[in-house]
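**Student:** Structure here, sequence nowhere to be found:
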């Protein structure tokens, strides 16, 4: 190994890395979809009148949020087989990353719901709306706009955390770069390209999220 | 094997790993705080060169993954003639990564110190350096402590990645135990609980205590 950037090698491996980037984007998208829905469930579960449920969900969210994602990925991947459940790397990766980010998103939703003025709740009560209608037609639509900034940050965050899936063999960008590096004994180009690809995606996405947030705020007349 | 037998057999390894994790955490936190202060102040600098360097540092480290940065520092830097032992490469990359997030916290906190404080310091003709050190930073510090509490937990979680470059931290020991015994639930479960205890019962209470003592020193308690 030596320090000399080889352009022909760069062009040779770029298509393979870009193909793996597609997998990274799929992993981020699928994980995020799980997190968005499960996060809402976790947020709403903390608002039921059952104190015990609130407490358990609260502690669960704290636990997920304060332990490393990479350890959770290992846990989901290896603990299943011990009890006879075999999960593919993709499935366990999606479960782990989806669960991890659902804990974060539940906090975002919770803050959004808490920010809806009391009067809205009281008005729903006064016109005798069912709990379901109160949440889905009045509260959640108003809780979403302030949540968009946080949700966008975690979309970029989940994208940046997908390389951890390589540790259990999900064939995403980092995994491809490791393979290329090991085959050719050259790490300079693959790892640098991975970094550049991440920058090229995450910086514009962060910008788009900010634009989208402004657009939603204007649309809703906030 | 019950969990008690498991702990009786493997507690020395887990303890060793936990101590390495704590060492990585403390060293990475020191680097993160230093980088955050320098880059956060740098981003507010009037000098375009300093501002530019701070922005490039922040965007590069926030825009890519910690794992990519870790591998780059460990595997690619040697090609530039800088070979770091895995222990140093580990806390260095975690510290640099978290520092870039911290820089935004520092910048935000400094900017939210009320205008009157800046003007008052200007009116009694304090030099800019002295104004920053004696008036602005102490108040900004109180504002930035709560987000730093969250960030330090992210940092603790980040240190788990150093196991991938073979630093023998808690995560690494859990992986080793798993590989030799196949007791995955016990090995990874125990490690998860230890990380949780470190985050919830050491870092969080320490930051709360720091927030309270800071508020008292500023006469706001």
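**Tutor:** Here it is on my side, so go on. No experiment lies behind these values; they were computed from the predicted model shown.

**Student:** now the residue positioned nearest the centre of chain A: how far from chain B?
**Tutor:** Most central in chain A under CA atoms, centre = their mean is residue A:158, positioned 3.6 Å from the mean C-alpha point. Residue A:158 sits 11 Å away from chain B, taking CB to the nearest CB, to the nearest Å as the criterion. The C-beta positions use only the backbone N, C-alpha and C, and glycine is treated the same way.

**Student:** so how far is the first residue of stretch A:184-192 from its last?
**Tutor:** Stretch A:184-192 has an end-to-end distance of 15 Å (CA to CA, to the nearest Å).

**Student:** what's the answer for stretch A:47-55, then?
**Tutor:** End-to-end for stretch A:47-55, by CA to CA: 10 Å.

**Student:** Likewise for stretch B:62-76?
**Tutor:** Using CA to CA, one end of stretch B:62-76 lies 19 Å from the other.

**Student:** again, but for stretch B:116-136
**Tutor:** 11 Å.

**Student:** for chain B, which helix is longest?
**Tutor:** helix B:3-43 (DSSP state H).

**Student:** what's the average pLDDT for that helix?
**Tutor:** If you average the pLDDT over helix B:3-43, you get 94.

**Student:** again, but for stretch B:92-112
**Tutor:** Per-residue scores along stretch B:92-112 average to 95.

**Student:** what do you get for stretch A:63-70?
**Tutor:** 95.

**Student:** Kindly report the same for stretch A:105-122.
**Tutor:** Averaged across stretch A:105-122, pLDDT comes to 92.

**Student:** Residues contacting that stretch from elsewhere in the structure, which ones?
**Tutor:** A:35-36, A:38-43, A:46-47, A:61, A:65, A:134, A:138-140, A:142-144, A:146-147, A:150-151, A:154 (CB atoms under 8 Å, 6 or more residues apart in numbering or on different chains).

**Student:** what do you get for stretch B:212-221?
**Tutor:** Here stretch B:212-221 has contacts from B:138, B:139, B:141, B:142, B:145, using CB under 8 Å, 6+ apart.

**Student:** quick check, nearest of those residues to residue A:93?
**Tutor:** Taking CB to CB as the measure, residue A:93 lies nearest residue B:145 of the contacts of stretch B:212-221, at 34.9 Å.

**Student:** That closest one contacts residue B:207, doesn't it?
**Tutor:** Yes. With contact defined as CB atoms under 8 Å, residue B:145 and residue B:207 form a contacting pair (6.5 Å).

**Student:** In contact with residue A:81, which residues?
**Tutor:** Neighbour list for residue A:81: residue B:184 [criterion: CB under 8 Å, 6+ apart].

**Student:** ranges for the helices of chain A?
**Tutor:** A:7-45, A:51-65, A:69-82, A:89-114, A:118-126, A:131-133, A:140-161, A:173-184, A:188-219.

**Student:** Check chain B too.
**Tutor:** B:3-43, B:48-63, B:66-71, B:86-111, B:115-123, B:128-131, B:137-159, B:170-181, B:184-197, B:204-217.

**Student:** any idea which of those helices is most buried?
**Tutor:** Mean neighbour count (mean count of other CB atoms under 10 Å in any protein chain shown) peaks for helix B:66-71 among the helices of chain B, with a mean of 24.

**Student:** quick one: contacts of it?
**Tutor:** By CB under 8 Å, 6+ apart, helix B:66-71 touches A:160, A:163-164, A:166, A:174, A:177, A:187, A:191, A:194-195, A:198, B:61, B:89-90, B:93-94, B:96-97, B:158, B:161-162, B:164-165.

**Student:** cutoff 6 Å now
**Tutor:** Applying CB atoms under 6 Å, 6 or more residues apart in numbering or on different chains, the contact partners of helix B:66-71 are A:163, A:191, A:194, A:195, B:93, B:97, B:158, B:161.

**Student:** Kindly tell me how buried residue 199 is, as a neighbour count.
**Tutor:** Picked chain A for this. 16 (other CB atoms under 10 Å in any protein chain shown).

**Student:** wrong chain, I was asking about chain B
**Tutor:** 21.

**Student:** Could you do residue A:19 as well?
**Tutor:** 12.

**Student:** Tell me the predicted confidence for the residue lying closest to it once chain neighbours are set aside.
**Tutor:** Using CB to CB, 6 or more residues apart in numbering or on different chains and skipping residues adjacent in sequence, the residue nearest residue A:19 is residue A:176, 7.6 Å away. pLDDT, residue A:176: 93.

**Student:** Check residue A:221 too.
**Tutor:** At residue A:221, pLDDT is 69.

**Student:** same deal with residue B:53?
**Tutor:** Value for residue B:53, per-residue pLDDT: 96.

**Student:** Over to the one 4 residues further on?
**Tutor:** Predicted confidence (pLDDT) for residue B:57: 96.

**Student:** contacting residues for the residue nearest to residue A:19?
**Tutor:** A:16, A:17, A:20.

**Student:** okay if I get those residues as a markdown table plus pLDDT and neighbour count?
**Tutor:** What follows is those, written out as a markdown table (pLDDT from 0 to 100; neighbours: other CB atoms under 10 Å in any protein chain shown):
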| residue | pLDDT | neighbour count |
| --- | --- | --- |
| A:16 | 91 | 14 |
| A:17 | 93 | 20 |
| A:20 | 93 | 22 |
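
**Student:** between those residues, which is closest to chain B?
**Tutor:** residue A:17 (12.2 Å; CB to the nearest CB).

**Student:** Which residues of chain A lie near chain B?
**Tutor:** For chain A, the residues in contact with chain B (CB under 6 Å from any CB of the partner chain) are A:1, A:3, A:63, A:66-68, A:70-71, A:74-75, A:78-79, A:82, A:160, A:163, A:187-188, A:191, A:194-195, A:198-199, A:202-203.

**Student:** Mark which of those residues are buried, thanks.
**Tutor:** Buried members of these, scored by 16 or more other CB atoms under 10 Å in any protein chain shown, are A:63, A:66-68, A:70-71, A:74-75, A:78-79, A:160, A:163, A:187-188, A:191, A:194-195, A:198-199, A:202-203.

**Student:** can you put the helices of chain B in JSON lines and add distance to residue A:216?
**Tutor:** Output for the helices of chain B, formatted as JSON lines (distance: least, CB to CB, whole Å):
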{"stretch": "helix B:3-43", "distance to residue A:216": "28"}
{"stretch": "helix B:48-63", "distance to residue A:216": "23"}
{"stretch": "helix B:66-71", "distance to residue A:216": "30"}
{"stretch": "helix B:86-111", "distance to residue A:216": "22"}
{"stretch": "helix B:115-123", "distance to residue A:216": "30"}
{"stretch": "helix B:128-131", "distance to residue A:216": "39"}
{"stretch": "helix B:137-159", "distance to residue A:216": "24"}
{"stretch": "helix B:170-181", "distance to residue A:216": "39"}
{"stretch": "helix B:184-197", "distance to residue A:216": "36"}
{"stretch": "helix B:204-217", "distance to residue A:216": "33"}
